[in-house]
Structure formats: C-alpha cells, structure tokens
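1. Kindly return the folded structure for what I paste below:
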Amino acid sequence: MEAFFIESIKEYGYIILFFWSILEGESGLVMAGLLSHTGDMNLFLAIFIAGLGGFAGDQLYFYIGRFNKSYVHRKLKQQKRKLALAHLLLKKHGWPIIFLQRYLYGLRTIIPIAIGLTGYSAKKYALINLIAAWCWSSVIILPVWYFGNEILSVITYGREHWYFALPLVAILISIVYYYINSIDTKTLKNKAHQN
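-> The predicted model follows:
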C-alpha cells in the first residue's frame with residue numbers, strides 16, 4: 001500500500017499538490033519539499049504549483065463571501081466570533097492580513113470569506129493573494145527541501161520508535177491548541193474593551 005501511495009505521488013504529484021494546496025496545504029507542501037529533495041519533483045515547479053493551488057482555494061472562499069452573503073451568514077452561525085475577528089484584523093492591519101491569513105490557525109478559510117463580505121477590491125485581493133500564496137509555498141517547501149536529509153532521518157526514527165512519537169505529537173497539539181485559544185480570547189477581550 002505504501003509503495004502504491006509513493007508511486008502515485010511520483011506520477012501524479014503536481015496534480016495532487018495543486019488540489020491538496022486548495023483544500024489544506026501544509027502537509028502537502030512538506031511532502032513536496034521532501035519529494036523535491038529526493039529528486040522526484042522539481043523544486044521551483046512544486047513551489048509554483050502549490051502557490052497556484054493556495055491562490056485558487058482562497059479565491060474560491062473570497063467569492064463565496066462576495067456572492068453568497070446570506071448563505072455564509074446562515075452556514076457560519078457558529079463562526080460569528082471568528083468572522084468578527086477576521087473583520088477586526090482586516091480593519092486594523094489592512095492588506096498585510098492577506099499575507100498572514102495562511103499562518104493564522106482557525107482563520108485561514110474565514111479571513112478570505114470575511115474579506116469577500118466587505119467591499120474590498122477583488123482585483124487587489126487577487127494580486128496580493130497570488131503573491132502571498134507563492135511566498136507561503138516558498139516558506140514551507142524551501143526549508144523542507146534544504147533540510148530533507150534531517151527530516152527523513154527523523155521520520156525513519158519515528159516510524160521505528162512510534163511509541164515515543166505519539167506522546168510528543170499529543171503534547172505539541174495541546175500547546176498549539178492552548179496558544180490559539182488564548183490569542184482568540186485575548187483579541188475578543190481587547191475588542192470588547194475598545195467598544
């Protein structure tokens with residue numbers, strides 16, 4: 001099964017990378033960086049295609065917000081806090097938030113939708129989003145490609161000693177979850193104090 005998966009990635013890697021970048025992103029970019037390191041993908045083509053996928057996904061979310069406002073408000077009732085936070089971030093920071101959205105866990109899809117709900121220029125958003133998407137793919141793929149030997153060694157060690165890896169992953173996920181919740185709570189409290 002693993003051999004089939006690896007062969008499929010080698011044969012259809014760029015297509016998989018494009019769609020993976022639309023839907024999720026980072027783990028696909030790590031895989032692209034490793035495949036570029038082993039010579040199974042071209043580094044610059046992987047960065048280019050991953051950026052296009054990330055761009056296409058965010059454009060889709062932007063236009064969902066722009067042309068389906070009632071649907072968004074109906075479907076994202078539980079996400080009202082995140083939508084309010086996204087509007088606040090756009091108002092406070094302007095266009096740089098388009099660059100940062102890919103690194104804000106829990107807001108990655110909400111921010112393009114929230115920007116689409118506003119009167120923000122679609123052409124300006126598309127241009128900034130395209131540049132930001134290529135920066136994003138470069139920031140992840142290049143270090144993975146450069147440190148490929150070290151990463152592959154860690155993966156091999158982790159597969160052989162999985163009983164050490166599981167608790168470590170659980171701890172890391174807990175830390176990230178706590179950090180994100182504390183930022184979200186702090187931002188909303190600051191907003192309440194400003195009003």
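2. Look up how far residue 28 lies from residue 16.
-> Noted for residue 16: a distance of 7 Å to residue 28, by CB to CB, to the nearest Å. Just so you know, the C-beta spots here come from the backbone N, C-alpha and C atoms, and that holds for glycine as well.
3. Looking at the two, which has the bigger crowd around it?
-> Comparing residue 16 with residue 28 by other CB atoms under 10 Å, the one with more neighbours is residue 28, at 26 against 17.
4. Looking at the more buried one now. What's its pLDDT?
-> At residue 28, the model reports a pLDDT of 85.
5. Repeat that for residue 125.
-> We note a pLDDT of 92 for residue 125 in this prediction.
6. With residue 195 instead?
-> Residue 195 is given a pLDDT of 51.
7. In the protein, what helix or strand scores lowest on average pLDDT?
-> helix 162-194 (a mean of 67; mean pLDDT, DSSP states H and E).
8. So which residues of this protein form helices?
-> Assigned by DSSP state H, the chain shows helices spanning 2-23, 26-38, 43-67, 69-75, 80-93, 96-100, 110-117, 122-146, 148-160, 162-194.
9. okay, these, which one's buried deepest?
-> Greatest average neighbour count among these goes to helix 110-117 (a mean of 25), per mean count of other CB atoms under 10 Å.
10. which stretches of this protein have low pLDDT?
-> The model of the chain has pLDDT under 70 over residues 1-10, 25, 162, 180-195.
11. hmm, 80 instead?
-> The model of the chain has pLDDT under 80 over residues 1-11, 24-25, 69-87, 93, 103-108, 154-166, 168-169, 172, 176-195.
12. Report the contact partners of the residue nearest in space to the middle of the chain.
-> Centroid-nearest residue in the chain, with CA atoms, centre = their mean: residue 102, separated by 4.4 Å. Going by CB atoms under 8 Å, 6 or more residues apart in numbering, residue 102 touches 25, 54, 108, 132, 133, 136.
13. from what I can see the second one touches residue 139, true?
-> Looking back up the chat, that one is residue 54. No: if you go by CB atoms under 8 Å, residue 54 and residue 139 don't touch, sitting 11.2 Å apart.
14. Could you check how far the closest residue in space to residue 134 that isn't next to it in sequence is from residue 108?
-> In this structure, residue 134 finds its nearest non-sequential neighbour in residue 51, 3.7 Å apart by CB to CB, 6 or more residues apart in numbering. Applying CB to CB, the value for residue 51 to residue 108 is 15 Å.
15. which non-adjacent residue is nearest residue 65?
-> That would be residue 116: by CB to CB, 6+ apart, it lies 2.5 Å from residue 65.
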